[in-house]
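**Student:** curious how this folds, go ahead:
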Amino acid sequence: MQSKWRGSHRWIDRLDKYLVQHVSSLPGGNHDDFFRRLSASANHGKLWIAVAVGMAAFPGKTRRAAVHGLIAQAVASAVTNGVFKTLLPRARPLPEHLPVFRFVHPQPTSSSMPSGHSASAVAFAVGVGLVRPAIGAALAPVAAGVAYSRVHTGAHWPSDVLFGSALGAGAALVTRHWWPVRPPIPITRRTAALAPGLPGGEGLSIVVNTLGGSFTEETASALRDVFPKAYINTVDPGEDLKQQITETAEHPGTKALGVWGGDGTVGAAAAAAVERSLPLLVLPGGTLNHFARDAGTGSLADAVAAATNGAAAKADIGFVTAERGLAGSPAVSELIMLNTSSIGLYPNLVRRREHLQPALGKPLAGVVAMFRTFAAGTPITLTVDGVRRRVWIAYVGRGRYYPRDHAPLLRPVLDDGVLDFRIFSADESFARLRLLWAVLTGTVASSSITHLREVTEVSIDAGGSPMALAVDGEALAGVRKVHYRVVPRALVYYTPLG
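**Tutor:** Down below sits the predicted model:
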């Protein structure tokens with residue numbers, strides 16, 4: 001193995017021996033133990049995995065940088081050990097080249113060219129640095145130390161380290177193409193609207209759904225404290241929620257309708273408010289209340305401030321027409337959509353994502369949830385605007401959601417006049433593998449299985465097989481056809497952002 005290398009790369013061999021002689025002439029000391037331990041800590045990537053685990057404790061870009069670093073490291077390690085060590089066989093340094101107290105024992109038996117430790121170290125540091133430059137700069141000396149330690153302990157020749165480092169940097173850059181920089185999220189923008197001020201809740205009628213997941217007796221007391229002049233209708237289990245919303249909206253002296261509950265309750269209240277030309281105050285409550293978050297009333301203090309000052313804005317609404325039952329005599333349901341609707345595996349994905357989100361953060365939880373969902377799920381056949389497709393998910397958002405991939409989370413503009421329509425297709429060859437690869441590499445938005453467009457209306461037909469439809473978290477079973485359309489700026493809502 002040594003003779004083959006020397007025959008074609010004699011000048012590299014001479015330079016390596018020259019550099020190793022200089023390392024060998026360094027005096028012994030505590031630094032020998034340091035480099036030996038540093039080199040051992042990077043065996044099998046343990047050092048970088050530990051760093052990534054620590055970074056994962058910080059959500060956002062830091063956690064994303066850790067994931068990218070690990071992906072780059074995995075690619076660099078696979079290419080180095082699985083490809084180049086076979087193509088470039090080379091003997092490692094011998095004991096006579098370095099003092100015996102420095103020489104690593106036992107010495108690895110694989111090819112010396114290239115250095116896998118160096119490839120992994122540089123791949124991780126550069127991969128992290130491409131997402132979080134400051135952390136990448138802090139890791140650079142550690143990666144350099146690991147790379148040098150392989151020469152200091154006699155495990156590799158300097159050229160092995162140099163080539164391995166180049167492979168690591170290349171792996172980080174290649175995987176950055178897989179893990180593209182997300183486009184910036186637009187700033188929050190609102191279109192101001194006229195609405196009456198409601199000091200103390202005067203003229204405000206509030207409907208409270210006690211079936212909301214976070215309802216307690218303290219909830220009603222808190223609302224009475226901040227809105228002492230408001231009419232508050234607490235809807236108990238067993239009562240007709242829609243009827244109670246109607247009665248609340250028609251209460252004498254009502255100038256604005258308030259609602260406490262989850263997304264489904266808010267949607268029903270929005271329908272009543274639009275029908276009666278009332279502004280809507282969405283209060284933070286219920287198991288989920290995405291509209292309150294997007295409206296800026298995610299806290300009771302913000303909602304009180306907006307209502308007191310009469311600060312309001314306009315929002316689009318979506319109308320959903322769903323046909324259920326037999327084809328000859330369908331039952332038609334009309335629903336208001338304030339947030340999102342989905343068909344297929346999306347409800348399972350959302351449940352998994354929200355379960356993982358406290359521990360992993362939103363972006364990484366979305367990746368893990370999608371990977372688990374599609375690994376076991378099966379596609380459905382739908383006709384979308386007359387085109388027949390096999391799909392994993394059909395997703396409709398009322399307004400543009402960000403990021404533009406599999407885990408839409410934020411909606412900075414509520415009156416952009418569009419439906420955010422996304423399909424994850426199963427028509428392509430090896431669709432499941434493509435989808436899982438896109439999830440793993442963070443390229444769902446640019447994958448051939450993803451179809452993104454903005455529309456003002458869309459029709460979906462399940463044919464003979466009924467589909468499960470979810471609108472703002474409310475499930476409808478046995479749906480055969482569904483039509484979506486957007487009505488621009490039909491709802492006036494209170495917001496401190498107005």
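**Student:** in this protein, where's the longest strand?
**Tutor:** Secondary structure of the chain per DSSP state E: the longest strand is strand 474-494.
**Student:** next one: it to chain centre, how far?
**Tutor:** Centroid displacement of strand 474-494 relative to its chain, using CA atoms, centre = their mean, to the nearest Å, is 25 Å.
**Student:** list the buried residues in that strand.
**Tutor:** 474, 476, 479-482, 484-486, 490-494 (16 or more other CB atoms under 10 Å). (Each C-beta comes from the backbone N, C-alpha and C, glycine too.)
**Student:** try stretch 350-357
**Tutor:** 350, 352-353, 356-357.
**Student:** check what contacts it and list those residues.
**Tutor:** Stretch 350-357 is contacted from outside by 342, 362, 364-366, 368-370, 372-373, 407, using CB atoms under 8 Å, 6 or more residues apart in numbering.
**Student:** top of the residues you listed by neighbour count?
**Tutor:** The residue in those with the most neighbours, by other CB atoms under 10 Å, is Met370 (28 neighbours).
**Student:** so that residue touches Leu349, yeah?
**Tutor:** Yes. At 5.7 Å, Met370 counts as touching Leu349 under the criterion of CB atoms under 8 Å.
**Student:** returning to that earlier point: which members of the contacts of stretch 350-357 are the farthest-apart pair?
**Tutor:** Taking CB to CB, the two most distant members of those are Ser342 and Leu364; they sit 21.2 Å apart.
**Student:** and Ala78, what helix or strand is that in?
**Tutor:** Element membership for Ala78 (DSSP states H and E) is helix 61-79.
**Student:** who does that helix touch, helix- and strand-wise?
**Tutor:** On a contact count with 3 or more CB pairs under 8 Å, 6 or more residues apart in numbering; DSSP states H and E, helix 61-79 meets helix 46-55, helix 116-131, helix 133-152, helix 158-178, helix 362-376.
**Student:** please identify the deepest-packed of those helices.
**Tutor:** The highest average neighbour count among the helices and strands packed on helix 61-79, using mean count of other CB atoms under 10 Å, belongs to helix 116-131 at a mean of 29.
**Student:** show me what that one is packed against.
**Tutor:** Other helices and strands packing on helix 116-131, by 3+ CB pairs under 8 Å, 6+ apart, are helix 46-55, helix 61-79, helix 133-152, helix 158-178.
**Student:** average pLDDT for it?
**Tutor:** Taken as a whole, helix 116-131 has a mean pLDDT of 94.
**Student:** show me the two of the buried residues of stretch 350-357 that sit farthest apart.
**Tutor:** Farthest-apart pair in the buried residues of stretch 350-357 is Val350 and Leu356; separation 11.0 Å (CB to CB).
**Student:** who touches Gly264 in this structure?
**Tutor:** For Gly264, the contacting residues are 472-474, by CB under 8 Å, 6+ apart.
**Student:** from Leu19, how far out is Ala143?
**Tutor:** Ala143 sits 19 Å away from Leu19 when distances are taken as CB to CB, to the nearest Å.
**Student:** same question but for Leu476, I mixed them up
**Tutor:** Counting by CB to CB - Leu476 and Leu19 are separated by 71 Å.
**Student:** now swap in Leu349 and tell me
**Tutor:** Distance of Leu349 to Leu19, given as CB to CB: 53 Å.
**Student:** which one's more surrounded, the two?
**Tutor:** A direct count of neighbours by other CB under 10 Å for Leu349 and Leu19 places Leu349 higher, at 25 against 14.
**Student:** can you tell me the SS state at that one?
**Tutor:** helix (DSSP: H, G, I helix; E, B strand; the rest coil).
**Student:** now it, nearest residue through space, not along the chain?
**Tutor:** Thr373 (4.5 Å; CB to CB, 6 or more residues apart in numbering).
**Student:** next up, the contacts around the one you found.
**Tutor:** Contacts of Thr373 by CB under 8 Å, 6+ apart are 345, 348-349, 352.
**Student:** quick one: which of the residues you listed has the lowest pLDDT value?
**Tutor:** Asn348 (71).
**Student:** Thr378 is in contact with that residue, correct?
**Tutor:** No. Using CB under 8 Å as the test, Asn348 is too far from Thr378 to be in contact (11.5 Å).
**Student:** who has more neighbours out of the two?
**Tutor:** Asn348 (18 against 11).
**Student:** quick check, pLDDT for the nearest residue to that one once chain neighbours are set aside.
**Tutor:** In space, Asn348 comes closest to Thr373 once its chain neighbours are excluded; the distance is 5.1 Å by CB to CB, 6+ apart. Model confidence at Thr373, given as pLDDT, is 78.
**Student:** isn't Val471 right up against Leu335?
**Tutor:** Yes. Between Val471 and Leu335 there is a contact under CB under 8 Å: 5.1 Å.
**Student:** identify the contacts common to those two.
**Tutor:** Joint contacts of Val471 and Leu335 (CB under 8 Å, 6+ apart) are 267, 320, 322.
**Student:** how about those residues in a markdown table, adding neighbour count and secondary structure?
**Tutor:** What follows is the shared contacts of Val471 and Leu335, written out as a markdown table (neighbours: other CB atoms under 10 Å; DSSP: H, G, I helix; E, B strand; the rest coil):
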| residue | neighbour count | secondary structure |
| --- | --- | --- |
| Gly267 | 24 | helix |
| Val320 | 22 | strand |
| Ala322 | 23 | strand |
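**Student:** out of the contacts of Gly264, which is nearest to Phe84?
**Tutor:** Out of these, the member with the shortest distance to Phe84 (by CB to CB) is Gly473, at 51.5 Å.
**Student:** just to check, the closest one is in contact with Asp263?
**Tutor:** Yes. Using CB under 8 Å, Gly473 is in contact with Asp263, at 4.4 Å.
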